[in-house]
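Student: Sequence and computational prediction follow.
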Amino acid sequence: MSLAPLARIPKAELHLHIEGTLEPELAFELAARNGITLPYADTEALRTAYLFADLQSFLDLYYGLMAVLITEDDFEALADAYLARAAEQGVRHAEIFFDPQAHMARGVSMGTVVEGLSRALARSEERHGVTTKLILCFLRDQSAESAMETLEAAKPYLDRIVGVGLDSAEVGNPASTFREVYEAAGALGLRKVAHAGEEGDPSYVWEALDILGVERVDHGLRSLEDPELVARLVRDRIPLTLCPLSNVRLRAIDVLEDHPLVKMMDAGLVCTVNSDDPAYFGGYVGDTFHAVHEALALDHERLRTLARNSFVASFLDGSAEEEAL
Ligand code: ADE
Ligand code: ZN
(Lines give C-alpha, C1' and ligand atoms only; values in the text may rest on other atoms or scores of the structure.)
(Ligands and ions follow the chains in the order given, each with its own letter.)
Protein backbone atom coordinates (compact mmCIF):
# COMPACT_ATOMS: atom_id res chain seq x y z
CA MET A 1 0.00 0.00 0.00
CA SER A 2 1.44 3.38 -0.92
CA LEU A 3 1.89 5.98 1.74
CA ALA A 4 -0.40 9.03 1.92
CA PRO A 5 1.27 12.30 0.79
CA LEU A 6 0.94 13.61 4.32
CA ALA A 7 3.15 10.83 5.66
CA ARG A 8 5.70 11.47 2.92
CA ILE A 9 6.27 15.05 4.07
CA PRO A 10 10.02 15.84 3.81
CA LYS A 11 11.63 15.04 7.12
CA ALA A 12 14.83 14.07 8.89
CA GLU A 13 15.09 10.82 10.80
CA LEU A 14 17.15 11.26 13.97
CA HIS A 15 16.54 8.05 15.92
CA LEU A 16 17.22 5.01 13.80
CA HIS A 17 19.35 1.99 14.66
CA ILE A 18 20.70 0.61 11.41
CA GLU A 19 20.68 -2.89 12.91
CA GLY A 20 16.99 -2.34 13.64
CA THR A 21 16.29 -2.08 9.91
CA LEU A 22 17.29 -5.70 9.30
CA GLU A 23 14.17 -7.13 7.66
CA PRO A 24 13.59 -10.90 7.96
CA GLU A 25 14.07 -11.40 4.20
CA LEU A 26 17.51 -9.77 4.26
CA ALA A 27 18.41 -11.64 7.47
CA PHE A 28 17.75 -14.98 5.75
CA GLU A 29 19.57 -13.87 2.60
CA LEU A 30 22.67 -12.88 4.59
CA ALA A 31 22.45 -16.04 6.71
CA ALA A 32 22.52 -18.17 3.54
CA ARG A 33 25.39 -16.14 2.09
CA ASN A 34 27.41 -16.53 5.30
CA GLY A 35 26.56 -20.18 5.99
CA ILE A 36 24.66 -19.39 9.19
CA THR A 37 21.64 -21.36 10.39
CA LEU A 38 19.09 -19.16 12.09
CA PRO A 39 16.96 -20.62 14.88
CA TYR A 40 13.78 -19.83 12.89
CA ALA A 41 12.25 -21.98 10.15
CA ASP A 42 11.54 -19.06 7.82
CA THR A 43 10.75 -15.33 7.69
CA GLU A 44 7.23 -15.92 8.90
CA ALA A 45 8.44 -17.84 11.95
CA LEU A 46 10.90 -15.02 12.66
CA ARG A 47 8.18 -12.37 12.40
CA THR A 48 6.02 -14.40 14.74
CA ALA A 49 8.75 -14.00 17.37
CA TYR A 50 8.34 -10.20 17.28
CA LEU A 51 6.03 -10.13 20.28
CA PHE A 52 7.99 -8.26 22.91
CA ALA A 53 7.23 -7.92 26.61
CA ASP A 54 9.68 -5.05 27.17
CA LEU A 55 12.96 -3.55 25.93
CA GLN A 56 15.10 -6.46 27.12
CA SER A 57 13.05 -9.13 25.34
CA PHE A 58 13.48 -7.14 22.13
CA LEU A 59 17.21 -6.63 22.67
CA ASP A 60 17.76 -10.37 23.13
CA LEU A 61 16.32 -11.11 19.69
CA TYR A 62 17.88 -8.01 18.08
CA TYR A 63 21.43 -8.85 19.18
CA GLY A 64 20.92 -12.51 18.22
CA LEU A 65 19.85 -11.73 14.67
CA MET A 66 22.92 -9.54 14.14
CA ALA A 67 24.88 -12.81 13.75
CA VAL A 68 24.15 -12.62 10.01
CA LEU A 69 26.06 -9.32 9.62
CA ILE A 70 29.66 -10.26 8.97
CA THR A 71 31.25 -8.62 5.95
CA GLU A 72 31.48 -5.05 4.64
CA ASP A 73 29.06 -6.14 1.90
CA ASP A 74 26.51 -7.14 4.55
CA PHE A 75 26.64 -3.76 6.25
CA GLU A 76 26.48 -2.03 2.89
CA ALA A 77 23.40 -4.05 1.89
CA LEU A 78 21.74 -3.30 5.21
CA ALA A 79 22.26 0.46 4.93
CA ASP A 80 21.34 0.59 1.26
CA ALA A 81 18.04 -1.21 1.91
CA TYR A 82 17.21 1.22 4.73
CA LEU A 83 18.04 4.31 2.67
CA ALA A 84 15.83 3.14 -0.21
CA ARG A 85 12.93 2.60 2.22
CA ALA A 86 13.61 5.90 3.98
CA ALA A 87 13.51 7.83 0.69
CA GLU A 88 10.05 6.37 -0.06
CA GLN A 89 8.93 7.62 3.34
CA GLY A 90 9.94 11.23 2.74
CA VAL A 91 13.26 11.10 4.59
CA ARG A 92 15.72 13.66 3.20
CA HIS A 93 18.30 13.36 5.96
CA ALA A 94 19.08 10.48 8.33
CA GLU A 95 21.29 10.42 11.42
CA ILE A 96 21.97 6.74 11.81
CA PHE A 97 22.96 4.88 15.00
CA PHE A 98 25.17 1.83 14.94
CA ASP A 99 26.23 -0.51 17.76
CA PRO A 100 29.90 -1.45 17.17
CA GLN A 101 30.28 -3.35 20.46
CA ALA A 102 27.58 -5.80 19.40
CA HIS A 103 29.64 -6.60 16.30
CA MET A 104 33.13 -6.47 17.79
CA ALA A 105 32.02 -8.99 20.45
CA ARG A 106 31.37 -11.40 17.53
CA GLY A 107 34.78 -10.78 15.96
CA VAL A 108 33.59 -8.24 13.38
CA SER A 109 35.90 -5.24 13.40
CA MET A 110 35.04 -1.55 13.69
CA GLY A 111 36.58 -1.10 10.23
CA THR A 112 34.30 -3.69 8.63
CA VAL A 113 31.22 -2.03 10.11
CA VAL A 114 32.14 1.57 9.32
CA GLU A 115 33.58 0.88 5.86
CA GLY A 116 30.56 -1.21 4.87
CA LEU A 117 28.02 1.35 6.11
CA SER A 118 30.06 4.18 4.58
CA ARG A 119 29.87 2.66 1.11
CA ALA A 120 26.08 2.90 1.14
CA LEU A 121 26.06 6.28 2.87
CA ALA A 122 28.56 7.82 0.44
CA ARG A 123 26.23 7.36 -2.53
CA SER A 124 22.97 7.88 -0.66
CA GLU A 125 22.41 11.49 -1.67
CA GLU A 126 22.87 10.68 -5.33
CA ARG A 127 21.01 7.36 -5.29
CA HIS A 128 18.24 8.04 -2.79
CA GLY A 129 18.19 11.80 -2.26
CA VAL A 130 18.98 11.25 1.43
CA THR A 131 21.92 12.91 3.20
CA THR A 132 23.32 11.02 6.15
CA LYS A 133 25.38 11.17 9.31
CA LEU A 134 26.58 8.32 11.50
CA ILE A 135 26.33 8.17 15.30
CA LEU A 136 28.31 5.57 17.24
CA CYS A 137 26.35 4.20 20.18
CA PHE A 138 27.90 2.74 23.32
CA LEU A 139 26.03 -0.14 24.93
CA ARG A 140 25.08 0.96 28.43
CA ASP A 141 24.87 -2.62 29.71
CA GLN A 142 28.59 -2.96 28.98
CA SER A 143 31.32 -1.37 31.08
CA ALA A 144 32.74 2.15 30.88
CA GLU A 145 36.11 0.54 29.97
CA SER A 146 34.54 -1.23 27.01
CA ALA A 147 32.98 2.06 25.87
CA MET A 148 36.38 3.77 26.10
CA GLU A 149 38.01 0.96 24.07
CA THR A 150 35.28 1.33 21.50
CA LEU A 151 35.91 5.06 21.20
CA GLU A 152 39.60 4.29 20.78
CA ALA A 153 38.83 1.77 18.01
CA ALA A 154 36.73 4.42 16.26
CA LYS A 155 39.53 6.98 16.08
CA PRO A 156 40.67 6.06 12.54
CA TYR A 157 37.08 6.57 11.32
CA LEU A 158 36.10 9.84 12.98
CA ASP A 159 35.83 11.59 9.62
CA ARG A 160 32.76 9.37 9.09
CA ILE A 161 31.20 9.74 12.58
CA VAL A 162 29.38 12.87 13.75
CA GLY A 163 28.63 11.90 17.32
CA VAL A 164 28.15 9.38 20.08
CA GLY A 165 25.01 7.91 21.63
CA LEU A 166 24.10 5.52 24.43
CA ASP A 167 21.65 2.67 23.98
CA SER A 168 20.68 -0.85 25.12
CA ALA A 169 19.15 -1.79 28.50
CA GLU A 170 18.44 1.44 30.39
CA VAL A 171 17.14 0.64 33.86
CA GLY A 172 20.01 -0.09 36.25
CA ASN A 173 22.57 1.31 33.78
CA PRO A 174 22.66 5.06 34.47
CA ALA A 175 24.32 7.58 32.20
CA SER A 176 26.74 8.64 34.96
CA THR A 177 28.81 5.48 34.31
CA PHE A 178 29.78 6.96 30.95
CA ARG A 179 30.83 10.45 32.07
CA GLU A 180 34.48 10.00 31.10
CA VAL A 181 33.90 8.48 27.70
CA TYR A 182 31.48 11.32 26.85
CA GLU A 183 34.09 13.84 27.99
CA ALA A 184 36.64 12.13 25.74
CA ALA A 185 34.19 12.09 22.83
CA GLY A 186 33.48 15.79 23.33
CA ALA A 187 37.20 16.54 23.31
CA LEU A 188 37.38 14.79 19.92
CA GLY A 189 34.73 17.15 18.58
CA LEU A 190 31.93 14.58 18.57
CA ARG A 191 28.30 15.58 19.18
CA LYS A 192 26.47 13.92 22.08
CA VAL A 193 23.09 12.23 22.36
CA ALA A 194 21.81 9.43 24.63
CA HIS A 195 18.77 7.25 25.09
CA ALA A 196 17.07 8.30 28.33
CA GLY A 197 13.60 8.09 29.82
CA GLU A 198 12.51 5.22 27.57
CA GLU A 199 11.83 2.77 30.40
CA GLY A 200 13.83 4.71 32.99
CA ASP A 201 12.37 7.44 35.17
CA PRO A 202 13.20 11.16 34.75
CA SER A 203 16.43 10.80 36.75
CA TYR A 204 17.92 9.06 33.70
CA VAL A 205 17.14 12.11 31.57
CA TRP A 206 18.63 14.46 34.16
CA GLU A 207 21.86 12.44 34.15
CA ALA A 208 22.05 12.47 30.36
CA LEU A 209 21.72 16.27 30.45
CA ASP A 210 23.81 17.16 33.50
CA ILE A 211 26.48 14.46 33.46
CA LEU A 212 26.86 13.58 29.78
CA GLY A 213 25.94 17.02 28.40
CA VAL A 214 23.74 15.65 25.62
CA GLU A 215 22.33 17.99 22.98
CA ARG A 216 19.39 15.75 22.17
CA VAL A 217 17.54 13.13 24.23
CA ASP A 218 16.60 9.89 22.51
CA HIS A 219 13.06 9.01 23.65
CA GLY A 220 12.59 11.11 26.82
CA LEU A 221 9.15 9.52 26.89
CA ARG A 222 8.78 9.75 30.68
CA SER A 223 9.85 13.41 30.90
CA LEU A 224 6.33 14.68 31.64
CA GLU A 225 6.49 12.93 35.02
CA ASP A 226 8.83 15.70 36.22
CA PRO A 227 7.69 19.31 35.65
CA GLU A 228 11.15 20.65 36.52
CA LEU A 229 12.67 18.44 33.87
CA VAL A 230 10.12 19.66 31.33
CA ALA A 231 10.99 23.25 32.22
CA ARG A 232 14.68 22.53 31.70
CA LEU A 233 14.14 20.79 28.35
CA VAL A 234 11.91 23.63 27.18
CA ARG A 235 14.27 26.35 28.41
CA ASP A 236 17.29 24.83 26.69
CA ARG A 237 15.31 23.71 23.65
CA ILE A 238 16.68 20.17 23.96
CA PRO A 239 14.97 18.07 21.29
CA LEU A 240 13.42 14.70 22.08
CA THR A 241 13.57 11.96 19.45
CA LEU A 242 10.33 10.15 20.23
CA CYS A 243 9.52 6.75 18.74
CA PRO A 244 5.80 6.09 19.24
CA LEU A 245 5.55 2.70 17.47
CA SER A 246 8.54 1.45 19.45
CA ASN A 247 6.90 2.56 22.70
CA VAL A 248 3.83 0.46 21.94
CA ARG A 249 5.75 -2.62 20.75
CA LEU A 250 8.07 -2.52 23.80
CA ARG A 251 5.08 -1.95 26.09
CA ALA A 252 6.19 1.40 27.49
CA ILE A 253 2.59 2.39 26.69
CA ASP A 254 -0.40 0.14 26.08
CA VAL A 255 -1.78 1.64 22.89
CA LEU A 256 -0.76 4.43 20.55
CA GLU A 257 -3.82 6.45 21.59
CA ASP A 258 -2.16 6.79 25.03
CA HIS A 259 1.04 8.31 23.65
CA PRO A 260 1.88 11.66 25.33
CA LEU A 261 3.15 13.25 22.07
CA VAL A 262 0.44 15.92 21.93
CA LYS A 263 0.81 16.77 25.62
CA MET A 264 4.56 17.04 25.11
CA MET A 265 4.16 19.36 22.15
CA ASP A 266 1.65 21.46 24.11
CA ALA A 267 4.16 21.67 26.98
CA GLY A 268 6.55 23.39 24.59
CA LEU A 269 8.95 20.47 24.12
CA VAL A 270 10.83 20.22 20.82
CA CYS A 271 9.44 16.86 19.73
CA THR A 272 10.44 14.77 16.75
CA VAL A 273 8.96 11.47 15.60
CA ASN A 274 11.18 8.60 14.50
CA SER A 275 11.12 4.86 13.86
CA ASP A 276 13.83 3.42 16.19
CA ASP A 277 13.95 -0.18 14.86
CA PRO A 278 11.45 -0.19 12.01
CA ALA A 279 11.97 -3.79 10.87
CA TYR A 280 10.81 -4.91 14.32
CA PHE A 281 8.20 -2.32 15.31
CA GLY A 282 5.80 -2.34 12.39
CA GLY A 283 6.68 0.78 10.46
CA TYR A 284 9.22 3.20 9.03
CA VAL A 285 9.09 6.89 9.84
CA GLY A 286 6.46 7.86 7.24
CA ASP A 287 4.29 5.02 8.56
CA THR A 288 4.86 6.45 12.03
CA PHE A 289 3.68 9.92 10.95
CA HIS A 290 0.60 8.25 9.47
CA ALA A 291 -0.03 6.24 12.62
CA VAL A 292 0.19 9.22 15.01
CA HIS A 293 -1.98 11.28 12.65
CA GLU A 294 -4.70 8.63 12.92
CA ALA A 295 -4.34 7.58 16.56
CA LEU A 296 -3.79 11.03 18.09
CA ALA A 297 -5.81 13.07 15.59
CA LEU A 298 -2.70 15.09 14.85
CA ASP A 299 -3.64 17.77 12.34
CA HIS A 300 -1.53 18.85 9.37
CA GLU A 301 -0.09 21.82 11.22
CA ARG A 302 1.29 19.57 13.96
CA LEU A 303 2.72 17.13 11.42
CA ARG A 304 4.43 20.06 9.72
CA THR A 305 5.81 21.16 13.09
CA LEU A 306 7.20 17.67 13.69
CA ALA A 307 8.82 17.66 10.25
CA ARG A 308 10.29 21.15 10.79
CA ASN A 309 11.56 20.14 14.25
CA SER A 310 13.35 17.14 12.72
CA PHE A 311 15.56 19.42 10.62
CA VAL A 312 16.07 21.98 13.39
CA ALA A 313 17.09 19.21 15.82
CA SER A 314 19.44 17.60 13.30
CA PHE A 315 23.19 18.04 13.15
CA LEU A 316 22.91 19.64 9.72
CA ASP A 317 24.58 23.02 9.70
CA GLY A 318 22.34 26.08 9.42
CA SER A 319 22.44 26.46 5.65
CA ALA A 320 21.73 22.80 4.87
CA GLU A 321 18.92 22.87 7.40
CA GLU A 322 17.38 25.98 5.81
CA GLU A 323 17.64 24.40 2.38
CA ALA A 324 15.73 21.39 3.65
CA LEU A 325 12.96 23.42 5.31
N1 ADE B 1 18.84 -0.48 20.72
C2 ADE B 1 18.04 -0.60 19.66
N3 ADE B 1 16.83 -0.11 19.92
C4 ADE B 1 16.85 0.36 21.18
C5 ADE B 1 15.92 0.99 22.04
N6 ADE B 1 14.68 1.25 21.66
N7 ADE B 1 16.31 1.32 23.27
C8 ADE B 1 17.56 1.06 23.69
N9 ADE B 1 18.47 0.47 22.94
C10 ADE B 1 18.12 0.12 21.69
ZN1 ZN C 1 16.63 3.67 20.05
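Tutor: Yes, it's here. Numbering: from 1, shown residues only. Ligands and ions are numbered 1, 2, ... in the order given.
Student: buried sites along stretch 189-196?
Tutor: The neighbour-count criterion (16 or more other CB atoms under 10 Å) identifies 190-196 as the buried residues of stretch 189-196. Every residue, glycine included, has its C-beta placed from N, CA and C.
Student: give me the residue from the protein nearest ligand 1.
Tutor: residue 167 (3.5 Å; CB to the nearest ligand atom).
Student: from memory that residue sits against residue 195, does it?
Tutor: Yes. Between residue 167 and residue 195 there is a contact under CB atoms under 8 Å: 4.8 Å.
Student: can you list residues touching both of these two?
Tutor: 140, 218 (CB atoms under 8 Å, 6 or more residues apart in numbering).
Student: ok, then the element right after the biggest helix by length in the chain?
Tutor: In the chain, taking DSSP state H as the definition, the longest helix is helix 72-88. Where DSSP states H and E defines the elements, the next helix or strand beyond helix 72-88 is strand 91-98.
Student: what sits up against the longest helix of the chain?
Tutor: Under CB under 8 Å, 6+ apart, the answer for helix 72-88 is 3, 8, 13, 16, 18-19, 21-23, 26, 30, 33-34, 68-69, 94, 96, 112-113, 115-117, 119-121, 124, 127-130, 132, 278, 284-286.
Student: Would you mind giving me the ChimeraX syntax to select the buried ones in the residues you listed?
Tutor: Of the contacts of helix 72-88, the buried ones go into a single ChimeraX selection, burial set by 16+ other CB under 10 Å:
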select :3,8,13,16,18,19,21,22,23,26,30,68,69,94,96,112,113,116,117,119,120,121,124,128,130,132,278,284,285,286
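Student: Tell me which of the contacts of helix 72-88 fall in strands.
Tutor: Cross-referencing the contacts of helix 72-88 against strands under DSSP state E gives 13, 16, 94, 96, 132.
Student: and the last one, bridged to which residues?
Tutor: In this structure, residue 132 has beta-bridge partners residue 94, where bridges are defined by DSSP bridges.
Student: Can you read off the pLDDT for it?
Tutor: Residue 132 carries a pLDDT value of 98.
Student: Same question for the second one.
Tutor: Predicted confidence (pLDDT) for residue 16: 99.
Student: residues in contact with it?
Tutor: Per CB under 8 Å, 6+ apart, neighbours of residue 16: 82, 86, 94-97, 274-276, 278, 285.
Student: The residues you listed also near ligand 1: which ones?
Tutor: Near ligand 1, judged by CB under 6 Å from any ligand atom, the entries from these are residue 276.
Student: out of the contacts of residue 16, what pair is the most spread apart?
Tutor: Using CB to CB, the pair of the contacts of residue 16 lying farthest apart is 95 and 278, separated by 14.7 Å.
Student: So which bits of the stretch 51-200 of the chain are right by ligand 1?
Tutor: 55, 167-168, 195, 198.
Student: go with 5 Å
Tutor: 167-168, 195 (CB under 5 Å from any ligand atom).
Student: could you redo those as a markdown table and give each row pLDDT?
Tutor: Below are these laid out as a markdown table (pLDDT from 0 to 100):
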| residue | pLDDT |
| --- | --- |
| 167 | 98 |
| 168 | 98 |
| 195 | 98 |
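Student: which stretches of the stretch 1-150 of the chain have low pLDDT?
Tutor: Counting by pLDDT under 70, the stretch 1-150 of the chain has low-confidence residues at 1.
Student: Next, give phi and psi for the residue of the chain closest to ligand 1.
Tutor: phi -140, psi -170 (degrees, to the nearest 10).
Student: Equivalent analysis for residue 163, please.
Tutor: phi -170, psi 180.
Student: so where do the helices sit in the stretch 151-300 of the chain?
Tutor: Taking DSSP state H, counting those that start in this stretch as the criterion, the stretch 151-300 of the chain carries its helices at 179-187, 202-210, 227-235, 244-249, 261-266, 278-281, 285-295, 300-312.
Student: Dump those helices to TSV, plus mean pLDDT.
Tutor: Formatted as TSV, the helices of the stretch 151-300 of the chain follow (pLDDT from 0 to 100):
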stretch	mean pLDDT
helix 179-187	98
helix 202-210	98
helix 227-235	98
helix 244-249	98
helix 261-266	98
helix 278-281	98
helix 285-295	97
helix 300-312	97
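Student: Kindly reformat these as CSV containing distance to residue 139.
Tutor: Shown next, in CSV, are the helices of the stretch 151-300 of the chain (distance: least, CB to CB, whole Å):
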stretch, distance to residue 139
helix 179-187, 12
helix 202-210, 15
helix 227-235, 25
helix 244-249, 17
helix 261-266, 27
helix 278-281, 17
helix 285-295, 24
helix 300-312, 26
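Student: Sounds good, over and out.
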